[in-house]
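A.B. asks: A predicted structure for the sequence below; I have some questions about it.
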Amino acid sequence: MSSFLVERKTVISASPDKIHELLDNFHHWRSWSPWEDADPDLKRTYTGPDAGVGAAYSWSGNRKAGAGNMTITESKPGQLVQLTLVFTKPFKATNVTTFTIDPGASGSEVTWAMTGKNNLLFSLVGKIFPMDKVVGKDFEKGLAQLKTQAEKS
């Protein structure tokens with residue numbers, strides 16, 4: 001089985017703590033996630049604490065939105081949020097998603113990375129549609145929307 005990495009970065013003119021707050025609480029994802037408009041009737045369920053390790057979010061929607069769940073597995077205020085992402089529809093996959101926040105002179109550099117293993121089907125499909133091409137633009141859209149939200153106020 002081969003593995004993949006999709007990664008995008010942006011600089012946000014906001015404090016690392018403000019950015020962390022938007023990433024660490026799934027209730028805030030509705031304001032910036034690139035997939036929120038995939039299905040207007042998306043069903044969402046939140047479990048565990050509101051934020052931090054153990055916070056969980058499940059979704060179920062149309063074919064474009066699919067279904068799955070995310071659970072925060074590591075959270076360092078102003079620095080990092082890591083989660084396990086499990087897709088159940090339209091395909092099964094488990095990936096690790098990591099957001100890192102690095103303060104800099106011109107703002108906070110935010111990196112959104114996802115790693116996972118390609119099963120046999122995705123190893124073949126990935127030759128035509130690499131994972132980077134499948135979700136890279138979504139990451140770019142999400143980071144742009146995160147930037148807009150974090151820079152408000």
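C.D. replies: Received it, and whenever you're ready, just let me know what you need.

A.B. asks: which element is the spatially most central residue of the chain on?
C.D. replies: The centre of the chain sits closest to Thr97, judged by C-alpha atoms, centre = their mean, with a distance of 6.1 Å. Using DSSP states H and E, Thr97 sits in strand 93-104.

A.B. asks: for that strand, name the packing helices and strands.
C.D. replies: On a contact count with 3 or more C-beta pairs under 8 Å, 6 or more residues apart in numbering; DSSP states H and E, strand 93-104 meets helix 16-24, strand 80-89, strand 107-118. Any C-beta I mention is one placed from the backbone N, CA and C, and that applies to glycine too.

A.B. asks: can I get these in a markdown table including mean neighbour count, distance to Phe139 and mean pLDDT?
C.D. replies: Formatted as a markdown table, those follow (neighbours: other C-beta atoms under 10 Å; distance: least, C-beta to C-beta, whole Å; pLDDT from 0 to 100):
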| stretch | mean neighbour count | distance to Phe139 | mean pLDDT |
| --- | --- | --- | --- |
| helix 16-24 | 20 | 13 | 97 |
| strand 80-89 | 17 | 13 | 96 |
| strand 107-118 | 18 | 5 | 92 |
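
A.B. asks: turn those into TSV, columns for distance to Trp59.
C.D. replies: TSV is the format used below for the helices and strands packed on strand 93-104 (distance: least, C-beta to C-beta, whole Å):
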stretch	distance to Trp59
helix 16-24	17
strand 80-89	10
strand 107-118	16
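
A.B. asks: cool, thanks, talk later.
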